[in-house]
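Peer 1: can you look at this prediction? I've put the sequence above it.
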Amino acid sequence: GENVEQHPSTLSVQEGDSAVIKCTYSDSASNYFPWYKQELGKGPQLIIDIRSNVGEKKDQRIAVTLNKTAKHFSLHITETQPEDSAVYFCAAQNTGNQFYFGTGTSLTVIP
Amino acid sequence: DAGVTQSPTHLIKTRGQHVTLRCSPISGHKSVSWYQQVLGQGPQFIFQYYEKEERGRGNFPDRFSARQFPNYSSELNVNALLLGDSALYLCASSFPSYETQYFGPGTRLLVL
């Protein structure tokens, strides 16, 4: 099955700085990679996703990059704001349409 | 449009009891997936249903079962509850089974 590893587990940045979270996956056939933001007491919220035929995708302050050869993908948040503080999860969807999640990154943006 | 809804929001049970969790997908979505999220971990896949048929099953014991109804809502059942079943149970819906999944707020289950 698929194995998704996520780093770092915790990340603190000053407001306005950038934050980068990295994930690796094991199944080269995985083809869809979403990122979710989870706030305390809530379900995960999709913030951006990328498919295997694309190398990079950007949505305002959030971007995701995918390196299929190395089997890793990253989330980049620029100009961080206190409301970006949350737990972020990466996930990979394999050919069996099942999603496998990383262990999460707790991001704290310090005002 | 309403998002994915789940009920109840919180639940307390004792060991050995049975629990039923419910999920209503986003209108028009035909696929529902269930996940277990233990504190400090990412969601772990339990089941996926599409058009009322099971399309995938994660590595969970047979105490866990689910079904999907004609209106695409779904139930997750857990029998003979163990302390280790305490977790946030998340439901996610998608249009076909391979598309983007949208999560509900979850049901927090505490087993005493």
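Peer 2: Everything's here; your move.
Peer 1: so which elements touch the lowest-mean-pLDDT helix or strand in chain A?
Peer 2: Scoring the helices and strands of chain A by mean pLDDT, DSSP states H and E places strand A:99-101 at the bottom, with a mean of 92. In terms of contacts (3 or more C-beta pairs under 8 Å, 6 or more residues apart in numbering or on different chains; DSSP states H and E), strand A:99-101 is packed against strand A:86-93, strand B:44-50. Every residue, glycine included, has its C-beta placed from N, CA and C.
Peer 1: now with 6 Å, please.
Peer 2: Using 3 or more C-beta pairs under 6 Å, 6 or more residues apart in numbering or on different chains; DSSP states H and E, the elements in contact with strand A:99-101 are strand A:86-93.
Peer 1: which strands border the strand it packs on, and is each parallel or antiparallel?
Peer 2: Strand A:86-93 sits in its sheet next to strand A:32-38 (antiparallel), strand A:99-101 (antiparallel), strand A:105-110 (antiparallel), going by DSSP bridges.
Peer 1: so what touches the second one?
Peer 2: In other words, strand A:99-101. Strand A:99-101 is touched from outside by A:2, A:4, A:89, A:91-93, B:42-43, with contacts defined as C-beta atoms under 6 Å, 6 or more residues apart in numbering or on different chains.
Peer 1: count the residues that sit near whatever residue of chain A ends up closest to chain B.
Peer 2: Taking C-beta to the nearest C-beta, chain B has its nearest neighbour within chain A at A:F101, 3.3 Å off. As a burial measure, A:F101 scores 23 neighbours (other C-beta atoms under 10 Å in any protein chain shown).
Peer 1: out of the strands paired with strand A:86-93, which is the most enclosed?
Peer 2: Of all the strands paired with strand A:86-93, strand A:99-101 has the most neighbours on average by mean count of other C-beta atoms under 10 Å in any protein chain shown, namely a mean of 24.
Peer 1: of the contacts of strand A:99-101, which is the most crowded?
Peer 2: For the contacts of strand A:99-101, the largest number of neighbours (other C-beta under 10 Å) sits with B:P43, at 29 neighbours.
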